[in-house]
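**Q** when you get a sec, could you give me coordinates for this:
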Amino acid sequence: MEEVPAATAPPVTEELPIIDQPVKVDSNPHVLADPEFPVVPDVFANRSPEPVNPTAEVLGYTRPTSAEEEKPELSVFGAGAAENDGHTPAFVPKDVREPEKHKGKFYVDENLQEQGIVRTGEDVKPVAEIHIDELLRMAVERKASDIHLTAGLPPMVRMDGEVVPLPYEILDPQQTQRLIYEVLTDEQLEKFENTRELDIGYSVKGLARFRVNVYTQRNAVAGALRMIPNRIPSFDELRLPSVIREIAKRHSGMILVTGPTGSGKSTTIASMIDDINETRQAHILTIEDPIEYLHKHKKCMVNQREMHSDTYSFHNALRAVLREDPDIILVGELRDLETIEAALTLAETGHLVFGTLHTRNAPATIDRIVDVFPADQQDQIRVLLANTIEGIISQQLLPKLGGGRVAALEIMTGLPSVKNLIREGKTHQMYSVIETSKNVGMRTMDASLADLFRQGYVSYEECLMRAVDKESFARLAKGAA
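**A** Predicted coordinates for the structure are as follows:
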């Protein structure tokens, strides 16, 4: 991607004093950062008319009047917090009101300009007339994985793991809200205004599907949109080893894909389910919040249920599963005891169950599941896990040399030796079994990282930083070089 040089902010010739009283703007104090008082004000609470200590603002702050005319005005920040009574949501209704007249001017930290995060000049596009779909199209064209909309910054995108700006003006709270509300239905808007958080799916015809999270920060609406391709990538495109296809051929049990947020878990599971869809005649049922990848009916019948549109309760949907005659079930994230318990029961009763967790490796995954349950149930859960686990795939995405990202995969299959360790509570010994079971396709994260380094995909330094055991990785990388 061609880099656009950052515009240089005009120099400030005079020393700007730190003010020690808040400047009132729309009933909220916005002051220069003072290291003596690092506490950020509670924008949800009622304001005392009495002077308060100077407090830090993350992006926006007020300059003294004498310096205001020396700087280009960039954006309004914090208007969403205006006139909050502590109970009424600070964001405005769907019919966005006109920005209020501010008593003071707000500026973005000049350090952001120097870093190229905020730019001024003719190359910066206005945001007043654009539709959210235009931003999403630009993000897809630049091969971004996510787009972030938040007041005080231009639209930001994540590319190869790094968050960078799109060439647009800085968003104020009203512009941010307008763009985000363009993807919401009236029902979704009402839910968001009641909860201040919302997860939905949004599609742009001919472009892509997006997983959207809407939230509020500092009393202003913000959003994060994850791009989901219209086409499900194949095993070969994802460089998934053949053992994962073998794991997906199981007819019952539990398969877990784990890793941090943004590590490609949903994509790996989608590819596995699509492979089943092309090779078996069965019924695939998913329960998602929201639906991410859209599966077509191929050899399998595929039914995808989305929270809040197809069911109002995740747990009710899980309880209804057995009456819907599925063979393969995707339950998504195993986020609480009830979901984990239902998934284990479904796996034990002859279904193939897919789920995700935010754990780094196989031993941590087993421990996380067991620890969710009360102590007097944990031995029983270990037995249930040992009887049902068919595979744990832990992954992380690394930046490739030359651009793009590639997955490092730790793979554990449900060998009898692994099941015995789970049953006996000896998860700390699982790594040695994985290390010595390469002949059946198992491998540790450090071995996967060493392979990526050997094949020239990822730098040594990046792999070392992501290694579970740095000494083990260094030894493997040296032997592989």
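
**Q** wait, S417 touches I434, no?
**A** No. S417 is not in contact with I434 according to CB atoms under 8 Å; the separation is 10.1 Å. In this view, the C-beta of every residue, glycine as well, is placed from N, C-alpha and C.

**Q** when those two are compared, which one has more neighbours?
**A** I434 (23 against 13; other CB atoms under 10 Å).

**Q** what's the pLDDT at the more buried one?
**A** The score at I434 is 96. That number is its pLDDT.

**Q** now it: how far from I411?
**A** As judged by CB to CB, to the nearest Å, I434 and I411 stand 8 Å apart.

**Q** equivalent analysis for R305, please.
**A** The value you get for R305 to I411, if CB to CB is used, is 29 Å.

**Q** and the two? which has more neighbours close in?
**A** For R305 versus I411, neighbours defined as other CB under 10 Å are more numerous around I411 (25 against 19).

**Q** run a quick check on the more buried one versus M442, I expect a contact.
**A** Yes. Here I411 reaches M442: they are 5.5 Å apart, a contact under CB under 8 Å.

**Q** who touches both of the two?
**A** V243, I434 (CB atoms under 8 Å, 6 or more residues apart in numbering).

**Q** once you drop chain neighbours, what's closest to D371?
**A** By the measure of CB to CB, 6 or more residues apart in numbering, the closest residue to D371 outside its immediate chain neighbours is Q378, 7.7 Å from it.

**Q** the one you found: how many residues sit nearby?
**A** The local packing count at Q378 equals 15, with neighbours defined by other CB under 10 Å.

**Q** going forward, begin numbering at 180 instead of 1
**A** Taking 180 as the first residue, the last one we looked at is Q557.

**Q** let me know the pLDDT of it.
**A** With respect to pLDDT, Q557 scores 97.

**Q** helix or strand for it, which one?
**A** Under the assignment given by DSSP states H and E, the secondary-structure element containing Q557 is helix 557-567.

**Q** quick one on the thing from earlier: list residues touching both of I613 and I590?
**A** Contact criterion CB under 8 Å, 6+ apart; residues bridging I613 and I590 by contacting each: M621, R622.

**Q** report the angle between the helix or strand containing A543 and helix 557-567.
**A** Assigned by DSSP H and E, A543 belongs to helix 541-550. Between the direction of helix 541-550 and that of helix 557-567, the angle (axes from the mean of the first three to the mean of the last three CA atoms, to 10 degrees) works out to 130 degrees.

**Q** who's in contact with helix 541-550?
**A** With CB under 8 Å, 6+ apart as the contact definition, helix 541-550 has outside contacts at 435, 437, 513, 519, 536, 538, 557, 560-561, 564, 568, 571, 573, 589, 591, 601, 604, 606-607, 609-610, 613.

**Q** would you list the buried entries among the residues you listed?
**A** Members of those that pass the buried threshold by neighbour count (16 or more other CB atoms under 10 Å) are listed as 435, 437, 513, 519, 536, 538, 560-561, 564, 568, 571, 573, 589, 591, 601, 606, 609-610, 613.

**Q** among those, which are located in strands?
**A** Where the buried ones among the contacts of helix 541-550 overlap with strands, as defined by DSSP state E, the overlap consists of L435, T437, L536, I568, I571, S573, E589, M591.

**Q** out of the residues you listed, flag the one nearest to N392.
**A** When those are compared for distance to N392, the smallest value, 18.9 Å, is given by L536; criterion: CB to CB.

**Q** how much space is there between the closest residue in space to the closest one that isn't next to it in sequence and T544?
**A** Nearest residue to L536, sequence neighbours excluded (CB to CB, 6+ apart): T437, at 4.6 Å. For T437, the distance to T544 equals 5 Å [CB to CB].

**Q** and for those two, which residues touch both?
**A** In the contact map built from CB under 8 Å, 6+ apart, the residues linked to both T437 and T544 are L536, T538, I571, S573.

**Q** which one among those residues gets closest to F652?
**A** Closest approach between the shared contacts of T437 and T544 and F652, by CB to CB: S573, at 15.0 Å.

**Q** show me what the closest one is bridged to.
**A** S573 has these beta-bridge partners by DSSP bridges: T437, E589.

**Q** got the confidence number for it?
**A** Looking at S573, its pLDDT is 98.

**Q** go ahead and confirm it touches M624.
**A** Yes. Checked against CB under 8 Å, the pair S573 and M624 is within contact range at 6.5 Å.

**Q** what touches both of the two?
**A** With contacts taken as CB under 8 Å, 6+ apart, S573 and M624 have R539, N540, L588, E589 as neighbours in common.

**Q** so how far is M317 from the spatially closest residue to the second one that is not a sequence neighbour?
**A** So the one you mean is N540. Spatial nearest neighbour of N540, chain neighbours left out: S573 (4.9 Å); criterion: CB to CB, 6+ apart. Taken as CB to CB, the spacing of S573 relative to M317 amounts to 33 Å.

**Q** can you check V400 too?
**A** The gap separating V400 from M317 is 21 Å, by CB to CB.

**Q** for V562, same thing?
**A** According to CB to CB, V562 stands 52 Å off from M317.

**Q** one more: L631?
**A** Using CB to CB, one gets 30 Å for the distance from L631 to M317.

**Q** ok, those two, which is more surrounded?
**A** In this view L631 and M317 are compared by other CB under 10 Å, and L631 has more residues nearby, 24 against 18.

**Q** care to break the chain down by domain?
**A** Using automatic domain parsing, the domain ranges for the chain come out as 202-407, 414-622.

**Q** Throw the ones you listed into CSV and include distance to A656, thanks.
**A** As requested, those are arranged in CSV below (distance: least, CB to CB, whole Å):
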stretch, distance to A656
domain 202-407, 21
domain 414-622, 13
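
**Q** lowest-confidence stretch among those domains?
**A** Taking the mean pLDDT of each of the domains of the chain, the lowest value is held by domain 202-407, a mean of 68.

**Q** in stretch 342-351, which residues are buried?
**A** Neighbour counts over stretch 342-351 (16+ other CB under 10 Å) mark V343, P344, L345, Y347, E348, I349, L350, D351 as buried.

**Q** first-to-last residue distance for that stretch?
**A** Here the two ends of stretch 342-351 are set 19 Å apart, with distance taken as CA to CA, to the nearest Å.

**Q** follow-up on the earlier one: and the shared contacts of S573 and M624, which two are furthest apart?
**A** It's R539 and L588 that sit farthest apart of those, by CB to CB, at 12.3 Å.

**Q** more neighbours: which of the two?
**A** Taking R539 and L588 together and counting by other CB under 10 Å, L588 has the greater number of neighbours (26 against 19).

**Q** wait, isn't that one in contact with V422?
**A** No. In this structure, L588 sits apart from V422 without contact. The criterion is CB under 8 Å, and the distance is 9.7 Å.

**Q** and D453, what does it touch?
**A** Residues counted as contacts of D453 (CB under 8 Å, 6+ apart) are I411, S413, H474.
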